[in-house]
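**Q** Sharing a sequence plus its predicted fold:
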Amino acid sequence: MTTKTETSALEITRTIKADVKRVYRAWTDPELMKQWMGCGESQRVSLTQNFTVGGNYCITVKLADERVVQMFGTFLEIVENEKLVYSWTNNSEEYPASDTIVTVVFTPKGNNTEIVLTHSKFDRPIAVQGHSMGWGTSLERLSALFEQ
């Protein structure tokens, strides 16, 4: 996994040991997303979404210390098994994000899938750092789904 950060954006490249259809499904199926989304070890994730361009989503993570973090936004572009683009806002005081943009590109690499995740339009460098850690942990957990 490689991570690049700037003051207003981050980019993470990760190769997952599964074909692109399985990885894309894990990214778009709420039941599978609950298994890898989030950055804490002891957490409960709930997720609702209207998976269409213009549809909304909401991810709620209840952390071990009982804090609740919500991420929500709108799907801007959906290209099955290739690309997702969506807005991302959260209620985090520590790592705030308001109307940021997440772009995920899925590229087949033999039996594996390369994911390039770009999260941009942050207002503060501290939010880039926090989201870099969060996405890194989430992608580790996503990868682990296919190593079982």
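**A** Nice, I can see it.

**Q** Now do the strands in the protein.
**A** For the chain, the strands defined by DSSP state E cover 2-5, 9-16, 43-49, 56-63, 68-79, 83-90, 100-109, 112-120.

**Q** what lines up beside the fourth one in the sheet?
**A** Each strand that pairs with strand 56-63, with its direction, by DSSP bridges: strand 43-49 (antiparallel), strand 68-79 (antiparallel).

**Q** Okay, buried residues for it please.
**A** 57, 59-62 (16 or more other CB atoms under 10 Å). Where C-beta positions appear, they are placed from N, C-alpha and C, glycine not excepted.

**Q** now the longest one
**A** Neighbour counts over strand 68-79 (16+ other CB under 10 Å) mark 69, 71-75, 78 as buried.

**Q** which residues touch it?
**A** Contacts to strand 68-79, defined as CB atoms under 8 Å, 6 or more residues apart in numbering, come from residues 49-63, 83-92, 97, 101-102.

**Q** quick one: that strand to strand 100-109, angle?
**A** Interaxial angle of strand 68-79 relative to strand 100-109 (axes from the mean of the first three to the mean of the last three CA atoms, to 10 degrees): 50 degrees.

**Q** any idea of the mean pLDDT in strand 68-79?
**A** The average pLDDT for strand 68-79 rounds to 96.
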